[in-house]
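pasting the sequence and the predicted model now:
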There are 4 protein chains.
Amino acid sequence: MKKSVPSLVKDPELIKKRREQMVKGAVRLFIEKGFHRTTTREIAKESGFSIGTLYEYIRSKEDILYLVCDAIYEEVRDRLAYHLDTNNEGIDRLKKAVAAYFQVIHDMQDEVLVMYQEAKSLPKEALSYVLQKEVEMTEMIEKVIRDCAKEGVINVDDDARVKLVAHNILVQGHMWTFRRWQIQKHFSLEEYTTLQVEQLLQGVDHRPI
Amino acid sequence: MKKSVPSLVKDPELIKKRREQMVKGAVRLFIEKGFHRTTTREIAKESGFSIGTLYEYIRSKEDILYLVCDAIYEEVRDRLAYHLDTNNEGIDRLKKAVAAYFQVIHDMQDEVLVMYQEAKSLPKEALSYVLQKEVEMTEMIEKVIRDCAKEGVINVDDDARVKLVAHNILVQGHMWTFRRWQIQKHFSLEEYTTLQVEQLLQGVDHRPI
Amino acid sequence: MKKSVPSLVKDPELIKKRREQMVKGAVRLFIEKGFHRTTTREIAKESGFSIGTLYEYIRSKEDILYLVCDAIYEEVRDRLAYHLDTNNEGIDRLKKAVAAYFQVIHDMQDEVLVMYQEAKSLPKEALSYVLQKEVEMTEMIEKVIRDCAKEGVINVDDDARVKLVAHNILVQGHMWTFRRWQIQKHFSLEEYTTLQVEQLLQGVDHRPI
Amino acid sequence: MKKSVPSLVKDPELIKKRREQMVKGAVRLFIEKGFHRTTTREIAKESGFSIGTLYEYIRSKEDILYLVCDAIYEEVRDRLAYHLDTNNEGIDRLKKAVAAYFQVIHDMQDEVLVMYQEAKSLPKEALSYVLQKEVEMTEMIEKVIRDCAKEGVINVDDDARVKLVAHNILVQGHMWTFRRWQIQKHFSLEEYTTLQVEQLLQGVDHRPI
DNA sequence: CATGAATGAGCCTTCATTCAT
DNA sequence: GATGAATGAAGGCTCATTCAT
């Protein structure tokens, strides 16, 4: 399911290492000036090698964007998965999940921003792969909601509503970075999290015991 | 507060007319291929005049982007304002506002998408002007919420919560276009509106009498 | 049947003029260092305009090569046609034709050399168009042979032989430029022409009265 | 008289073996895409070793072209020499020589084509060496003609005419590959050979007894 | 005012060659 | 001797912008 970017270099260890450098450098630059205004030479330099070497590990500039988006998604998902793993019970399961998710987004603000703003420049096929990750993220959140519903701590009758709530949560995460110039002026992350959870819970007809 | 784009042409009527052509053409192209992949030549052609003429009415390509973003925001705001004008009472005021807002976004899906995706490429100053419009939009929604609160049909105690709810509504509008590949597969606009309003109302602790 | 190279410039007069400059400059450079070792920048400079302007009149470097080959063939053919026009009778018709052809090749030695050496780098389709010109040239020579045969001054029974003789003549023309480092050391153009005609005539079983 | 290409490797056996691989691979690629469009990496791969190894046996890409041209010439000449060795008498000596030469060219069509098309890219000095082989070939043919003349089976008075006829034969060989898209459509190799010999013989004033 | 030809900085990418392992 | 990762000069091409007509 994962699209692999071909490389002229054979050693897989080296490919991994160099691509990590590359992604790191590219993210820094994309954050600063966006994908289109960043040149491949700048990326090479920021990554610590020559333009020739850069092209030993990718075929085109778009490959870098794909690598960047892929890496960011991977990290977001891994971090989230890690936090969701903790055994929470009852309504806490959802609360902690939201908090964890918001925290991950917060920690990776710039990266998340870049990814959502530049992914559209991906070639069609690559874009599909990346969007698939978004679907996976949604499903992770959906699962938490469904689990809570099964336990009876929240009341979300139909599947459509589960989907909607999941999307809402996801988007409220993005909102923390996309509207930061407004939101973060008024709320700390904790406040934001608390308030959104309250909104959410009432909304899903949570009845405290 | 509005940033005016200088033109070499004097006749204001003409400026208006030409820029309307220009924005219309540019939006079509930006929707299709994005700001960076669209050339000024293409914009001129799509607008129905020569590249030379194009530059009689703007100073740089970025000016076009500003004009486009400005025009789209203007239209969204105007349409929304028009719908909010209708005299609604009680909780309907909010319901109708949300519905109207979602409808406007729906009607202008492509334009909204383009604006939010490309605005980041605006020069700093121009970006500020455009973001200001976002603030205005938020305030329009905030006002509706506050009015409802005053009437007592909803219960939003503090100002922070008002802001948050307003932002949530706004963002749920964007979500309708940004995640359309997911959302619009599962919901019609009416369903989406109904469900989101339900979520919202429960969330703002609306107690039906 | 002629493949036209698209241009961004509209004025046909200008296109013609600029392309003539371009072909002239390119031929000079191709003669000196070949197609692959000549850069588009050099061609632009040699033609007297900027690289940007160059690309207003062509789409790719290969277009230049096509223009060059086309122009050379056109000129060779036109010159040849002009000489064949003269009313000759009897065996003179053939003698004069060969002489005229050799003379044209001689006058355009460098151009002919370049064309035959570089045409292979043309994209497939363009190559076909150019090879078509070669066919036309062959047919012109074939006609002369056939006319002499009809008159009875030479004796070439079947069509295959006509073709062969025509090709031989054509190739003996190329030989004058391709093997010049050998041939032109030993013969003047007149000597070469005389000798080849002699060979040719005996070969086609010419019986002097 | 043979220009030797320096190698970093000492073992002459190895040099020979590797260079044979190299030439074989390079010819395949040159036939397919020409010298300039073939990369050294491709040649290394096609030859079965690494780019690093390739450069152990040559100094530059042009060395490969030289090796290729040299090898092809060598083979053509050897094959031709082998066929000329047979003891023929009278006019058969010439007939068989031409037939043998055409056959060799026919058997090595692609190689011959490549050599004549790419040799021009050789550095000046290397080109001289290669052209020298052409001279040798011409001399081989000249000798056959002269031998026949001495025997009195053909009548070629002066040396100039011998040279010319030799060149004609040589070039008619090339013609079989260079104009194959025309010639081979109309003639089989036997037909071509027969017809060309007829032309030739009549031309050199052959009087059958 | 309108036109469109001219400009050239700058971009992405390739590839012959080197050299440490 | 063999390998292949690293290098960077150089090439083809684009496109925002200008300016003479």
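Received it, and whenever you're ready, just let me know what you need.

packing partners for the longest helix belonging to chain A?
Looking across chain A with DSSP state H, the single longest helix is helix A:124-151. The elements that helix A:124-151 packs onto, with contact taken as 3 or more CB pairs under 8 Å, 6 or more residues apart in numbering or on different chains; DSSP states H and E, are helix A:61-85, helix A:91-107, helix A:159-178, helix B:180-186. Glycine gets a C-beta too; all of them are placed from N, C-alpha and C.

and A:Ser164, how many neighbours does it have?
Slight slip there: residue A:164 is Leu, not Ser. By the criterion of other CB atoms under 10 Å in any protein chain shown, A:Leu164 has 25 neighbours.

output the below-cut-off pLDDT ranges for chain A.
A:1-2, A:203-209 (pLDDT under 70).

need the residues of it near DNA strand E, please.
With the criterion set to CB under 7 Å from any atom of the strand, chain A comes near DNA strand E through A:38-41, A:51-52, A:55, A:59-62.

would a markdown table of these with distance to D:Gln184 and neighbour count be doable?
Listed next are these as a markdown table, based on distance: CB to CB, whole Å; neighbours: other CB atoms under 10 Å in any protein chain shown:
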| residue | distance to D:Gln184 | neighbour count |
| --- | --- | --- |
| A:Thr38 | 55 | 22 |
| A:Thr39 | 51 | 13 |
| A:Thr40 | 48 | 15 |
| A:Arg41 | 51 | 11 |
| A:Ile51 | 47 | 13 |
| A:Gly52 | 45 | 8 |
| A:Tyr55 | 43 | 16 |
| A:Arg59 | 40 | 12 |
| A:Ser60 | 42 | 12 |
| A:Lys61 | 47 | 17 |
| A:Glu62 | 46 | 15 |
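
so for chain C, which of the helices and strands packed on helix A:124-151 sits nearest?
helix A:61-85 (20.9 Å; CB to the nearest CB).

which parts of the longest helix of chain A are buried?
Of all the residues in helix A:124-151, those buried under the rule 16 or more other CB atoms under 10 Å in any protein chain shown are A:126-127, A:129-131, A:133-134, A:137-138, A:140-142, A:144-146, A:148-149.

stretch A:16-35 too?
By neighbour count on 16+ other CB under 10 Å, the buried set for stretch A:16-35 is A:18-19, A:21-23, A:25-30, A:34-35.

circling back: could I get the residues of chain A next to DNA strand E as a markdown table with secondary structure?
Shown next, in a markdown table, are these (DSSP: H, G, I helix; E, B strand; the rest coil):
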| residue | secondary structure |
| --- | --- |
| A:Thr38 | coil |
| A:Thr39 | coil |
| A:Thr40 | helix |
| A:Arg41 | helix |
| A:Ile51 | helix |
| A:Gly52 | helix |
| A:Tyr55 | helix |
| A:Arg59 | coil |
| A:Ser60 | coil |
| A:Lys61 | helix |
| A:Glu62 | helix |
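
of those, which is the nearest to A:Asp110?
For the residues of chain A next to DNA strand E, the minimum distance to A:Asp110 (CB to CB) is 14.1 Å, reached by A:Thr38.

wait, doesn't the closest one sit right on A:Val27?
No - A:Thr38 is beyond contact range of A:Val27, at 10.2 Å (criterion: CB atoms under 8 Å).

near chain B, which residues of chain A show up?
A:34, A:36, A:117, A:120-121, A:131, A:134-135, A:138, A:160-161, A:163-165, A:167-168, A:171-172, A:174-175, A:179, A:181-183, A:186-187, A:191-192, A:195-196, A:198-200, A:202-205 (CB under 8 Å from any CB of the partner chain).

quick one, which of these are buried?
When the residues of chain A next to chain B are checked for burial by 16+ other CB under 10 Å, the buried set is A:34, A:36, A:117, A:121, A:131, A:134, A:138, A:161, A:163-165, A:167-168, A:171-172, A:174-175, A:179, A:182-183, A:187, A:192, A:195-196, A:198-200, A:202-204.

report how many residues lie close to A:Gly152.
Using other CB under 10 Å, A:Gly152 has 9 neighbouring residues.

backbone phi and psi for it, please?
Note on A:Gly152: backbone dihedrals following degrees, to the nearest 10 are phi 80, psi 10.

relative to B:Lys10, how far out is it?
A:Gly152 sits 72 Å away from B:Lys10, going by CB to CB, to the nearest Å.

returning to that earlier point: how distant is the longest helix of chain A from the center of its chain?
11 Å (CA atoms, centre = their mean, to the nearest Å).

ok, now stretch A:166-183?
Using CA atoms, centre = their mean, the offset of stretch A:166-183 from its chain centre is 12 Å.

what residues does that stretch touch?
Residues from elsewhere that reach stretch A:166-183 (CB atoms under 8 Å, 6 or more residues apart in numbering or on different chains): A:98, A:101-102, A:105-106, A:109-110, A:112-113, A:116, A:137-138, A:141-142, A:145, A:184, A:189, A:192, A:196, A:200, B:131, B:134-135, B:138, B:167-168, B:171-172, B:174-175, B:179, B:182-183, B:196, B:199.

and the residue of chain A found nearest chain D, how many neighbours?
Of all residues in chain A, the one sitting closest to chain D is A:Leu8 (8.6 Å; CB to the nearest CB). Here the number of neighbours of A:Leu8 (other CB under 10 Å) works out to 11.

how about A:Leu170?
21.

against chain B, how distant is A:Glu74?
Distance from A:Glu74 to chain B, counting by CB to the nearest CB, to the nearest Å: 20 Å.

do A:Glu142 as well
11 Å.

wait, isn't that residue in contact with A:Ala160?
No - with contact defined as CB under 8 Å, A:Glu142 and A:Ala160 do not form a contacting pair (11.3 Å).

tell me the contacts of the closest residue in space to A:Val153 that isn't next to it in sequence?
In this structure, A:Val153 finds its nearest non-sequential neighbour in A:Ile91, 4.5 Å apart by CB to CB, 6 or more residues apart in numbering or on different chains. Listed by CB under 8 Å, 6+ apart, the contact set of A:Ile91 reads A:148, A:153-154, A:201, A:206.

ends of stretch A:99-117, how far apart?
24 Å (CA to CA, to the nearest Å).

and the closest residue to A:Ala99 other than its chain neighbours, what element?
Leaving aside its sequence neighbours, A:Ala99 sits nearest to A:Thr193 (CB to CB, 6+ apart; 5.1 Å). Taking DSSP states H and E as the criterion, A:Thr193 maps to helix A:189-203.

packing partners of that helix?
By 3+ CB pairs under 8 Å, 6+ apart, helix A:189-203 packs against helix A:91-107, helix A:159-178, helix B:159-178, helix B:189-203.

could I get those helices as TSV with distance to C:Ser47?
Shown next, in TSV, are the helices and strands packed on helix A:189-203 (distance: least, CB to CB, whole Å):
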stretch	distance to C:Ser47
helix A:91-107	57
helix A:159-178	51
helix B:159-178	50
helix B:189-203	59
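
so which of those comes closest to A:Ser47?
For those, the distance to A:Ser47 is smallest for helix A:91-107, at 22.7 Å, taking CB to CB.

after the closest one comes which helix or strand?
The element immediately downstream of helix A:91-107 (helix or strand, assigned by DSSP H and E) is helix A:109-118.

residues contacting A:Val76?
Residues in contact with A:Val76 (CB under 8 Å, 6+ apart) are A:104-105, A:108, A:111-112, A:137.
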